[in-house]
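Novice: Need a 3D model of the sequence below.
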Amino acid sequence: MRVSKEQAAKNRERIIEVASREFRDKGFDGIGVADVMKSAGLTHGGFYGHFASKDDLIAEACAASMDRSAQKWSELAETAPDDAFAAITNSYLLKEHRDKKEAGCTMAALAPDIARQSGAVRECFTKGTQSLLDILVKATPGQSEAARREKALATMAGLVGTLVLSRAVDDPQFADEILAAGRAAFSTPS
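Specialist: So this is what the prediction gives:
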């Protein structure tokens, strides 16, 4: 049965959405193409009509999730123009963000996996990270562009590290303590 171009485009978007969520939850090696397609409500055979390879899907799924993060950070900055830095950092270090990695930050969920991927995947990740950094630099108070960029880079690394450690430990109180320490360290630029 042939599907319309409009339906094919919707199917492709659905596959990317599902893959993005599944990859952040299980990692790239933790979910196969057949399982992504099944979760998207489509047949495995239809995958290659949309993507050349799993790596192609990984790159597009990463780009889509990074774009969503950039949109969220931009919206946070717009809703709190006087304290955009704190709005972004406090939102990032919420327990809900930590506990729902499938809906959260690609950097925290997949950076080690991405470091082992091909050029296309790393290129999408790099562009997404730079977009997020640009938003954070604009939200960071400071005298010079260079000083704001340096602070934003350190903050981004600290946010991701805080979230990764908080997710990795098996003691809920310790995990909460890690998040609280990150909020204290990164919610106000120094």
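
Novice: got a list of contacts for stretch 147-156?
Specialist: Applying Cβ atoms under 8 Å, 6 or more residues apart in numbering, the external contacts of stretch 147-156 come out as 85, 89, 107, 129, 132-133, 136-137, 139-142, 186, 189-190. Where C-beta positions appear, they are placed from N, C-alpha and C, glycine not excepted.

Novice: Would you mind extracting the C-alpha trace of it into PDB?
Specialist: Extracted C-alpha coordinates of stretch 147-156, given in PDB (Å, rounded to 0.1, in the frame of the first residue of the first chain):
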ATOM      1  CA  ALA A 147      34.200  36.500  29.700                       C
ATOM      2  CA  ARG A 148      30.500  35.600  29.200                       C
ATOM      3  CA  ARG A 149      31.500  32.800  26.800                       C
ATOM      4  CA  GLU A 150      34.000  31.300  29.200                       C
ATOM      5  CA  LYS A 151      31.500  31.400  32.100                       C
ATOM      6  CA  ALA A 152      28.800  29.900  29.800                       C
ATOM      7  CA  LEU A 153      31.100  27.100  28.700                       C
ATOM      8  CA  ALA A 154      32.000  26.200  32.300                       C
ATOM      9  CA  THR A 155      28.400  26.400  33.300                       C
ATOM     10  CA  MET A 156      27.300  24.100  30.500                       C
END
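
Novice: in that stretch, what's buried?
Specialist: Buried residues in stretch 147-156, defined by neighbour count with 16 or more other Cβ atoms under 10 Å: Arg148, Arg149, Lys151, Ala152, Thr155, Met156.

Novice: again, but for stretch 170-180
Specialist: Neighbour counts over stretch 170-180 (16+ other Cβ under 10 Å) mark Ala175, Ile178, Leu179 as buried.

Novice: what about the second one, distance to Ala63?
Specialist: The one in question is Ile178. Noted for Ile178: a distance of 29 Å to Ala63, by Cβ to Cβ, to the nearest Å.

Novice: In what element of secondary structure is Ser166 found?
Specialist: Assigned by DSSP states H and E, Ser166 belongs to helix 145-168.

Novice: number of nearby residues for Met107?
Specialist: Residues lying near Met107 (other Cβ atoms under 10 Å) number 24.

Novice: Apart from its chain neighbours, what residue comes closest to it?
Specialist: Excluding the flanking residues, the one nearest Met107 by Cβ to Cβ, 6 or more residues apart in numbering is Val160, at 4.8 Å.

Novice: again with Ala87
Specialist: For Ala87, ignoring the flanking residues on the chain, the nearest one in space by Cβ to Cβ, 6+ apart is Ala80 at 3.8 Å.

Novice: so that neighbour makes contact with Thr89?
Specialist: No. Counting by Cβ atoms under 8 Å, Thr89 is not a contact partner of Ala80; they are 11.1 Å apart.

Novice: The two - which one has more neighbours?
Specialist: Between Ala80 and Thr89, counting by other Cβ under 10 Å, Thr89 is the more crowded of the two (26 against 16).
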